[in-house]
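Enquirer: Attaching a predicted model along with its sequence, questions to come.
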Amino acid sequence: MKVNWPERLWVNSPVRLFVQRQETLFFKKVRDMEAGAQCLEIGCGRGAGIDLIIRAFNPARVDASDIDPAMIRLAARKKRPGGIARVLHIVADAQYLPYPDGCMDAVFNYGILHHLEDWRLGIWEIARVLKRGGGFYFEEIYPSLYANFLFRRLLVHPRENRFQGREYRAALGDVGLKLLPGYKESRFGILGVAVKEGDEDQPGRLGTKEKVSSAG
Ligand SMILES: C[S@@+](CC[C@H](N)C(=O)[O-])C[C@H]1O[C@@H](n2cnc3c(N)ncnc32)[C@H](O)[C@@H]1O
């Protein structure tokens, strides 16, 4: 679900940039990555995360996706070293990622899963596109924050089928994403890194999309 204008103001603000910068430093501390990785950011918004990922992890390539073409236009406006060979901006729904299985070393989510009608499907897709041993770096927030008395009136988010920490952490485990120690969680949200487990002897460990997709 696209953001409305009050949330757009927030995500495009310098304060949001400061918060994302601190989060990226935290990600790096929890799990650093070798240079040259293939990364995907889902729900990239105006693209601040792209620069932070590049600076922190020096990847070979970052694919930055968002469902909102206006956000992608904004993100693509900035010229970055390496040009389109290094950063690809695409309009894509995080619930149906246009990538083959096991092609990414890392997927970044700066607060977008709570925008998905089917957030479990989003998590399933992240696990699907990650290589074994790949990292899922995330900031996610809970209804105690975005659906409280004030923000419920100000912002737009799906209302059904929401998650708190227990459901979110369980959903990661269901698709073979192991939460690394050191994550930070409060009743408002969670910040952490999870790693895709599994070995080559156990193909299909993730099961089918139907199994984990929420009923709605
Ligand atoms: C709260 S904003 C976060 C933007 C950016 N990641 C940040 O931290 O500033 C949520 C973003 O997710 C995008 N979004 C919402 N639903 C989506 C979907 N189904 N697939 C991909 N992106 C989506 C919105 O367009 C918006 O840019």
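Expert: Perfect, thanks for sending it. Numbering: from 1, shown residues only.
Enquirer: quick one, phi psi at residue 65?
Expert: phi -120, psi 150 (degrees, to the nearest 10).
Enquirer: correct me, but it touches residue 95?
Expert: No: Residue 65 is beyond contact range of residue 95, at 11.4 Å (criterion: CB atoms under 8 Å). The C-beta positions use only the backbone N, C-alpha and C, and glycine is treated the same way.
Enquirer: Residue 38 and the ligand: what is the separation?
Expert: For residue 38, the distance to the ligand equals 19 Å [CB to the nearest ligand atom, to the nearest Å].
Enquirer: my guess is that residue meets residue 57, correct?
Expert: No: taking CB under 8 Å as the definition, residue 38 is not a contact partner of residue 57, at 11.0 Å.
Enquirer: Now do the shared contacts for these two.
Expert: residue 106 (CB atoms under 8 Å, 6 or more residues apart in numbering).
Enquirer: So which residues on the chain come close to the ligand?
Expert: For the chain, the residues in contact with the ligand (CB under 6 Å from any ligand atom) are 1-3, 7, 11, 16, 20, 42-45, 48-49, 66-68, 71, 93-95, 110-112, 115-116.
Enquirer: mind checking how far the lengthiest helix in the chain is from the chain centre?
Expert: Longest helix in the chain, counting residues (DSSP state H): helix 14-30. How far helix 14-30 lies from its chain's middle: 14 Å, per CA atoms, centre = their mean, to the nearest Å.
Enquirer: Perfect, I'm done here.
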